[in-house]
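Student: pasting the structure only:
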């Protein structure tokens, strides 16, 4: 190394002596710019590679023909890794808040708790038989989150209505029972889907889940099996298997855990008065333990497990894993995951289980981070809404054409 540095120093001195200092500086700047540009282009091209895995059958083949943008994901060149994509998603929510005004319907549950359905503004203007998308947000999400707002903008243009399921304690919703949004809870989701189906009995229902909501939706669809009222669903940035993604956490994993803990504690702090009522009954120390937790694991150990009667986080996660329910899914579904997701790590992805099902597809991208998928030079547009809507419109065509799954032996990565 010393020899190499000495040679480089001699080369630089020779360049300055022959061509002058100004020429040397210009050459250095140009070389550096070309190197940076080359690096960005290489990552840009590599990240544009999107793999689509599915079995050949009548429905899948029809849906694939309807995809227009699924293979055209080119992340913003300045957001060329999962960390930058994920951080930018948070910044966009702060810098460019959504102005969409949803119509909120409060839904009271059997235990006295409440959830909500945020209906998109176009809901009352569409025909009763217009397709409806039930949306499940992330762990601290709401209907104006960037990933939902971008979906709404595309869905409304294509004549779909949105029914955003707001979980307990989320989206400025009062907490009337000592229970928050949980990865293993599908009862509230089931109740909301039934509520939407009753309100629009002639509307084909679809489901979209993001992050934690994606896990809940997948688990629910698997539990319902062939009785699921949804026509199809899309799962985006699903954790799939908490036991796998939380094992052997390195430094980056611990940083993400801390980030999640801060967000959850911020949400819980808005409901301190209600949570304090059950502190002694469940033996939970909010002040000294829960509100000072430095990871999601600690919060689940000190709060979630005690509230739900689990001995520890591992037992809770084993119940919450949506990957165990994929084999029971009977309706069409599209799973979208990224290789650089910093939250829902790729090691949790049950690829073989998904590919074994004739009714399921898996879209795997090289970039996009966690709920990012920003593209273009300004990084103001997200890629996933067009893909989601292309998939649903493809299923609508299949439904109208009365196509059914007829499995063929081969698999395809749609290269």
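Tutor: Perfect, thanks for sending it. Bear in mind the structure is a predicted one, so any value in this text is a computation, not a measurement.
Student: what about residue 94, neighbour count?
Tutor: With neighbours defined by other CB atoms under 10 Å, the count for residue 94 comes to 7. All C-beta atoms are positioned from the backbone trio N, CA, C, and that covers glycine.
Student: Please identify the helix or strand for it.
Tutor: Under the criterion of DSSP states H and E, residue 94 resides in helix 82-95.
Student: Tell me which residues touch residue 361, please.
Tutor: By CB atoms under 8 Å, 6 or more residues apart in numbering, residue 361 lies in contact with 52-54, 60, 63, 332-335, 354, 391.
Student: packing partners for the helix holding residue 94?
Tutor: With contacts defined as 3 or more CB pairs under 8 Å, 6 or more residues apart in numbering; DSSP states H and E, the packing partners of helix 82-95 are helix 146-157, strand 374-375.
Student: show me what contacts the nearest residue to residue 153 once chain neighbours are set aside?
Tutor: Of all residues beyond its chain neighbours, the one nearest residue 153 is residue 385 (7.0 Å), with distances taken as CB to CB, 6 or more residues apart in numbering. Each residue near residue 385 by CB under 8 Å, 6+ apart is listed here: 150-151, 153-155.
Student: cool, and residue 277?
Tutor: The neighbourhood of residue 277, defined by CB under 8 Å, 6+ apart, consists of residue 178.
Student: Kindly report the same for residue 100.
Tutor: Here residue 100 is in contact with 120-121, 143-144, 149, 152 (CB under 8 Å, 6+ apart).
Student: and if you look at residue 346?
Tutor: With contact taken as CB under 8 Å, 6+ apart, residue 346 is in contact with 337-339.
Student: By neighbours, which of the residues you listed wins?
Tutor: In terms of neighbours by other CB under 10 Å, these top out with residue 338 at 29 neighbours.
Student: ok, residues contacting stretch 112-123?
Tutor: If you take CB under 8 Å, 6+ apart as the criterion, stretch 112-123 is touched by 100-109, 143, 152, 155-156, 161-168, 171, 173-177, 179, 188, 191-192, 195-196.
Student: re the thing from before, give me the contact list for the helix holding residue 94.
Tutor: Contact with helix 82-95 is made by 75, 78-79, 145-147, 338, 340-343, 367-374, 379-380, as judged by CB under 8 Å, 6+ apart.
Student: and it, average pLDDT?
Tutor: The pLDDT scores in helix 82-95 average 90.
Student: for that helix, the distance to its chain's centre please.
Tutor: 13 Å (CA atoms, centre = their mean, to the nearest Å).
Student: what's the first-to-last distance across stretch 108-125?
Tutor: 26 Å (CA to CA, to the nearest Å).
Student: That stretch: which residues count as buried?
Tutor: Of the residues in stretch 108-125, 109, 113-120, 122-123 count as buried by neighbour count, 16 or more other CB atoms under 10 Å.
Student: Also stretch 62-77?
Tutor: Within stretch 62-77, the residues that qualify as buried by neighbour count (16+ other CB under 10 Å) are 63-64, 66-67, 70-71, 73, 75-77.
Student: can you check stretch 392-402 too?
Tutor: Buried positions in stretch 392-402, judged by neighbour count with 16+ other CB under 10 Å: 392-396, 398.
Student: got a markdown table for the contacts of residue 346, with distance to residue 308 too?
Tutor: Written out in a markdown table, the entries for the contacts of residue 346 read as follows (distance: CB to CB, whole Å):
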| residue | distance to residue 308 |
| --- | --- |
| 337 | 27 |
| 338 | 30 |
| 339 | 33 |
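Student: Among the residues you listed, which lie within strands?
Tutor: Within the contacts of residue 346, residues falling in strands by DSSP state E are 337-338.
Student: and which of the contacts of residue 346 is nearest to residue 135?
Tutor: Sorting these by how near they are to residue 135, with CB to CB, puts residue 337 at the top with 18.4 Å.
Student: from memory that closest one sits against residue 344, does it?
Tutor: Yes: here residue 337 reaches residue 344: they are 7.3 Å apart, a contact under CB atoms under 8 Å.
Student: quick one: common contacting residues for the two?
Tutor: 237-238.
Student: distance of residue 172 from residue 104?
Tutor: Taking CB to CB, to the nearest Å as the measure, residue 172 falls 9 Å from residue 104.
Student: what about these two, which has more around it?
Tutor: Between residue 172 and residue 104, counting by other CB under 10 Å, residue 104 is the more crowded of the two (16 against 10).
Student: Quick check: which helices or strands does the helix or strand that the more buried one is a member of pack against?
Tutor: Using DSSP H and E, residue 104 maps to strand 103-108. Contacts defined by 3+ CB pairs under 8 Å, 6+ apart place strand 103-108 against strand 114-119, helix 187-199.
Student: Any idea which of the ones you listed gets closest to residue 127?
Tutor: Distances from residue 127 to each of the helices and strands packed on strand 103-108 were compared using CB to CB; the shortest belongs to helix 187-199, at 13.6 Å.
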